[in-house]
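[1] What follows is a predicted structure for the sequence shown.
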Amino acid sequence: MENRIIEFVSGLRAAGVRISIAESRDAFLASSNVPVPQRETFRVALRTTLIKAERDRETFDRLFPMYFGGDPPEQQPVGQNLQPADSETLQQMLRELQAELSEMLRDLLQGKAPAEDQLRAQLGRLPARVDPRMLPRVERELQRRLGVAQMLREIEALLDALERAGMPATALQALRAEIEQNLQALAAQVARFVGQQWRERAAQIPAEEASDAGLADRPFQSLGDADYAQLQREVRRLAARVRTRAALRHKRGRGRLLDAKTTLRANVRHGGVPFALHFKRRHLKPKLTLICDVSTSMRQVVEFLLTFIYELQDQLSRTRSFAFIDQLLDISPELAAAPPATAIPRILRNLPAGHYNTDLGAALNQFVTHHLDAVDQRTTLIICGDGRNNYNDPRCELVELLRRRVRRVLWLNPEPRYLWGSDDSDMGQYAAAVSAVHPVGNLRELAAAVDSLMASN
Amino acid sequence: MTNTPGQLDTALKAQQYIPSEEICTVMFLAQQLQKPVLVEGPAGVGKTELAKALAAALGRPLIRLQCYEGLDESKALYEWEYSKQMLYTQLLSGKLQQMLADADTLAAAADRIAKEDDVFFSMRFLLQRPLLRAILSPEPAVLLIDEIDRADSEFEAFLLEVLSDFQVSVPEIGTLVATTKPLVLLTSNNTRELSEALKRRCLYLFIGYPARAAELEIVRLKVPALGAQIAAQVVEAVQSLRGLDLRKAPSVAETIDWARALLALNASALTRDVFDSTLTVLLKYEGDLQKARQMIRREPRKPAAADAA
């Protein structure tokens, strides 16, 4: 069992879950502390010690049966419990249809499971890195290659033929149930086999991959789904760095205003003589309001930006977020309820259906009309977008108006500078109206932009 | 009393808390391994309630530390009461004079005062905040650190130190070591990612929305006066509302509020009018309300079908 747990942990690691040695030790302790060796309790014991984020629970639940699944049910020969007459009909029919029935089905009816070699030959070698979420697809593919679809058609034909031959309905039903059971056993066998193959491959993958380095510098457009999980990790790492620096700045902030109350209290020990002075902490934490373009071209950038903001929540005093394509939507409640990676797809579903034509002018107008209370003179307003307005009115005067009301307006744009003003881009005009524009073509630039946002006070 | 997860289940149920099997197992393991538990989940699923019920079930005192932005050591751990110390010194000065009257030299007088050090540097002047109280508690306590995600990350780091050693050094007194280890529960609403280091040291428990049967049990337990039929309808309606794509799905706490509201209105069945007029107890966003009303319009017989079941 211990070996199996170790194997399981390395499987989880291969699937992208971070597990420390201390945690796998906890898993051992926990599993040996479970009083009754019940499967469910054991599962919970492993999960509570190994999985520390909701997003990894799915991976755990998928992998667990592959390692601790027990044996799949055996196939049973079909038609053993039939009346002698019905049994005779069945045998006769099988002889008649001999030529039409595939070998696969005959095996199934006899309760003979396919040999492992056969499965192996059909499946071939799994690629080195398969996302465990893809395994059901692999299972279906293997079933297809084994000819399960063909077999299902043959079963229907066989049952029809038996019905015509006068087999009573109850016997037919019993027969169908037995066949169903064997089919399920076959599916379980396939799933187990695929799981085993995956485990073998996962065991060969080294635990820590150190290939994150280049990702931060690659442009957002060129990133695939596979890079995504790694990038999320990278975001967390960069955010941790920005946080440390922000916290340091916070501490060393220059606002030296004497805090009389704390000073008096602290100096009671010196008989009221103020030896140790205490200063008021200036509120250095920025207050943010974000307006994000969530049209297709911008989605990834916005998601990473929001992830950043989410990670740095403790360094910010207040955040309000809005999203737009052509309509503006207050997305703060969604973001408060779930981390950005889960919240954003939900937000996109909730956005009012329209032509999906980016219209920042209209969105700004809505912001000024309905949400002007979201900004005050301490707010940093961030607009994240490419400034491509589909030739709608850019409403630069609204940006001007907002800039007079807030501390500063920052613009984050994933497009390189030489594309500003080309085609339907109004970026040139906007750039003149805002306090600063930060290019955010890749993750490193995004991190730098967020850092500067924390810095300049 | 709670040597197995099953016994813990019974004990928690006696405290009017309906735990899932997972909750029992994790809480049981937390006691066995003496590890803190990080509890996450949407707001209003009973994370704080769990700590209260657990304390009552185990017969331990509950010590609660509510986190907020700017929480620091002096609010969480201890504060030295200089003013009280000063006051004592002044009040006792007459007695001191008396004591020192027959001392011949300054050195002798100082020695004599030094002998009384314990009076001036004692626990008497130590204002204990929740963390220290949990450490010094003579019987093992349940320490609830609520909404840890609201505290700063520096505080998180400080907390790690306390939670790993269960000892604190106070300059005026010395090192205070825990005689009994408290059972620690940390809750988080996930407004920010907690540090890996903290997560590594904790067991993890995610509490989601309960299944239908469990939620019905909760409603029956918390609002016993509500009829069985309407209670089933309430749970049925809430469960299908959670299936909708809402900005804020109704939580268990809101289900209970709704059940209480219906009881107060003396409603005997969940008709559409009743549903419409009380829906604001459950849903707090205009868009959500509209979606819910649409759902009811689409299947007007849905709540009625529930009472057949």
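    Perfect, thanks for sending it.

[2] Please give the element, helix or strand, for the residue nearest the centre of chain B.
    By C-alpha atoms, centre = their mean, the mean C-alpha position of chain B lies nearest to B:T48, the distance being 3.6 Å. Secondary structure assignment for B:T48, by DSSP states H and E: helix B:47-58.

[3] That helix - contacts with which helices or strands?
    If you count contacts as 3 or more C-beta pairs under 8 Å, 6 or more residues apart in numbering or on different chains; DSSP states H and E, helix B:47-58 packs onto helix B:5-14, helix B:21-33, strand B:37-40, strand B:62-66, strand B:142-146, strand B:183-188. Quick note: C-beta positions are derived from backbone N, CA and C, even for glycine.

[4] Repeat the analysis, applying 6 Å as the threshold.
    Judged by 3 or more C-beta pairs under 6 Å, 6 or more residues apart in numbering or on different chains; DSSP states H and E, helix B:47-58 is in contact with helix B:5-14, strand B:142-146.

[5] Buried deepest among these, which one?
    When you average the neighbours per residue for each of the helices and strands packed on helix B:47-58 (mean count of other C-beta atoms under 10 Å in any protein chain shown), strand B:142-146 leads with a mean of 24.

[6] quick one, that one and helix B:47-58 angle?
    Strand B:142-146 runs at 180 degrees relative to helix B:47-58, counting by axes from the mean of the first three to the mean of the last three C-alpha atoms, to 10 degrees.

[7] any bit of the next helix or strand after strand B:142-146 sitting next to chain A?
    Downstream of strand B:142-146, the first helix or strand assigned by DSSP H and E is helix B:153-165. Yes - interface with chain A: helix B:153-165 contributes B:S153 (C-beta under 6 Å from any C-beta of the partner chain).

[8] and the angle for helix B:153-165 with strand B:183-188?
    Going by the same axes, to 10 degrees, helix B:153-165 makes 160 degrees with strand B:183-188.

[9] Quick check: buried residues in helix B:153-165?
    Across helix B:153-165, burial judged by 16 or more other C-beta atoms under 10 Å in any protein chain shown covers B:S153, B:F155, B:E156, B:F158, B:L159, B:L160, B:V162, B:L163.

[10] next one: it to chain centre, how far?
    Distance of helix B:153-165 from the chain centroid (C-alpha atoms, centre = their mean, to the nearest Å) equals 18 Å.

[11] average pLDDT for that helix?
    Helix B:153-165 shows a mean pLDDT of 84.

[12] now swap in stretch B:298-309 and tell me
    The predicted model assigns stretch B:298-309 a mean pLDDT of 49.

[13] likewise stretch A:277-287?
    The average pLDDT for stretch A:277-287 rounds to 73.

[14] And A:V301, how far from A:A341?
    Note on A:V301: its distance to A:A341, by C-beta to C-beta, to the nearest Å, is 14 Å.

[15] who's more crowded, these two?
    In this view A:V301 and A:A341 are compared by other C-beta atoms under 10 Å in any protein chain shown, and A:V301 has more residues nearby, 25 against 17.

[16] Please say whether there is contact between the helix ranked longest in chain B and chain A.
    Selection of the longest helix in chain B by residue count, based on DSSP state H, yields helix B:228-243. No - if you take C-beta under 6 Å from any C-beta as the test, helix B:228-243 misses chain A, and the best it gets is 12.8 Å.

[17] quick one: contacts of the helix or strand that that helix is followed by?
    Next along the chain after helix B:228-243, taking DSSP H and E as the criterion, comes helix B:252-264. Residues outside helix B:252-264 that contact it (C-beta atoms under 6 Å, 6 or more residues apart in numbering or on different chains): B:44-46, B:219, B:222-223, B:225-226, B:234, B:238, B:278, B:281-282.

[18] Same list, the buried residues of helix B:153-165, but as TSV with distance to A:L316 please.
    Listed next are the buried residues of helix B:153-165 as TSV, based on distance: C-beta to C-beta, whole Å:
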residue	distance to A:L316
B:S153	12
B:F155	16
B:E156	16
B:F158	21
B:L159	21
B:L160	23
B:V162	26
B:L163	26
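
[19] How about the residues of chain B by chain A?
    Contact residues (C-beta under 6 Å from any C-beta) of chain B with chain A: B:4, B:22, B:25-26, B:29, B:32-33, B:82-83, B:152-153, B:191-193, B:199-200, B:203-204, B:206, B:245, B:247.

[20] residue at max distance from the center of the chain?
    Going with chain A. Furthest out from the centre of chain A (C-alpha atoms, centre = their mean) sits A:G271, at 58.7 Å.

[21] hm, I was asking about chain B
    Max distance from the centre of chain B (C-alpha atoms, centre = their mean): B:D104, 58.7 Å.
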